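Novice: Could you work out the structure for the sequence below:
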Amino acid sequence: MRLCIDIGNSRWKTGVFDNDKLVHVHAFDSNDAFEEISNILYNHSIDYSIYSSVRSIEERIVRLLESKTRFVQFDHTTPLPIYNSYKSPETLGLDRLAAVVGAYGESEHALIIDAGTCITYDLLVDKSKYLGGNISPGLEMRFKAVHTFTDKLPNLKQKNIVSAFGKSTNEAIEIGISRGLCHEIEGFINQYSMNYQPLDVFLTGGDSNYLVEYLKKKIFVRPNLVLDGLSKILIHNVNEK
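Specialist: Numbering: from 1, shown residues only. All right, here's what the predicted structure looks like:
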């Protein structure tokens, strides 16, 4: 079995794969990471492990993975099953790269959208060539910015939107940000679709289920896309060796 770990700023998400099947998914706070990883290794027969991280992690967790599994260190030098044409691979977020690999093998052309703290747009063409992408503020960041950089506007959170325009300041902010982001997403989809057909769109990240309710385009919601990509990277490196 394979253990794949997606490490965010405050939350960890783990996936246990048996061959190509994701058999166990678990999320937990970073403060509980060592105990949670220990429990997974104890309860599952893990042969290989890999992680992607947006932050540094405790050395004892790395040592634990190295001692209990055949651990693959994932960084910008790790062999991939796709061609990476990014000009500065050392600055490319590993979670972005793993999500792109997660879509590998499923489409002729794919746009991968990760709706988290930031919104990332990444383009995989000709089945296996990663061209690059774009980054913009995520939903929560947009709501905070409206409040932080003005004197009087409130700090709100996204709500279910039923109208096309607001009849109060709160509604104007809620609808403007939520629908505005959806228009941005659909704009990128339209732009890339002009040059790459057929284009499949994969949506992942914490706000994916919220946003998909308002998007008019056909989109595949894949909450575990980063884990899927880590599994494919792990298989590729095991086979290479």
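Novice: Just list the residues touching the closest residue to residue 82 other than its chain neighbours, thanks.
Specialist: Leaving aside its sequence neighbours, residue 82 sits nearest to residue 128 (C-beta to C-beta, 6 or more residues apart in numbering; 4.6 Å). For the C-beta atoms, the positions are set from N, CA and C on the backbone; glycine is no exception. If you count contacts by C-beta atoms under 8 Å, 6 or more residues apart in numbering, residue 128 has them with 81-83, 104.
Novice: Name the residues of the top helix by length along the chain that are buried.
Specialist: Ordering each helix of the chain by length in residues (DSSP state H) puts helix 169-193 first. Within helix 169-193, the residues that count as buried by 16 or more other C-beta atoms under 10 Å are 171, 173-175, 177-179, 181-182, 185-186, 188-189, 192.
Novice: one step back: now the two most distant members of the contacts of residue 128.
Specialist: Within the contacts of residue 128, 83 and 104 form the most distant pair, 10.4 Å apart (C-beta to C-beta).
Novice: which of those two has more neighbours?
Specialist: For the pair residue 83 and residue 104, the greater number of neighbours falls to residue 104 (20 against 11), based on other C-beta atoms under 10 Å.
Novice: Now do the buried residues in stretch 22-32.
Specialist: residue 30.
Novice: which outside residues touch that stretch?
Specialist: By C-beta under 8 Å, 6+ apart, stretch 22-32 touches 1, 7, 10-17, 36, 40, 44, 224, 227-228, 231.
Novice: mean confidence score for it?
Specialist: Regarding stretch 22-32, the rounded mean pLDDT is 92.
Novice: Please save the CA atoms from it in CSV.
Specialist: This file holds the C-alpha atoms of stretch 22-32, laid out as CSV (Å, rounded to 0.1, in the frame of the first residue of the first chain):
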residue,chain,number,x,y,z
LEU,A,22,-7.9,5.2,-2.7
VAL,A,23,-9.1,3.2,0.3
HIS,A,24,-8.7,5.6,3.2
VAL,A,25,-8.8,9.4,3.4
HIS,A,26,-8.2,11.3,6.7
ALA,A,27,-7.7,15.0,7.5
PHE,A,28,-6.3,16.4,10.8
ASP,A,29,-4.7,19.5,12.3
SER,A,30,-0.9,19.9,12.0
ASN,A,31,-0.5,19.8,15.8
ASP,A,32,-1.7,16.1,15.7
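Novice: any idea how far that stretch is from the chain center?
Specialist: 15 Å (C-alpha atoms, centre = their mean, to the nearest Å).
Novice: Strands of the chain, start to end?
Specialist: With DSSP state E as the criterion, the chain has strands at 2-7, 11-18, 21-29, 48-53, 70-72, 83-84, 109-115, 118-125, 129-137, 199-204, 220-221.
Novice: Which one of those strands lies nearest to residue 94?
Specialist: strand 48-53 (3.9 Å).
Novice: Show me what the closest one is packed up against.
Specialist: Using 3 or more C-beta pairs under 8 Å, 6 or more residues apart in numbering; DSSP states H and E, the elements in contact with strand 48-53 are strand 2-7, helix 59-68, strand 70-72, helix 94-103, helix 225-240.
Novice: buried sites along the longest one?
Specialist: By neighbour count, and taking 16+ other C-beta under 10 Å as the criterion, the buried residues in helix 225-240 are 225-237.
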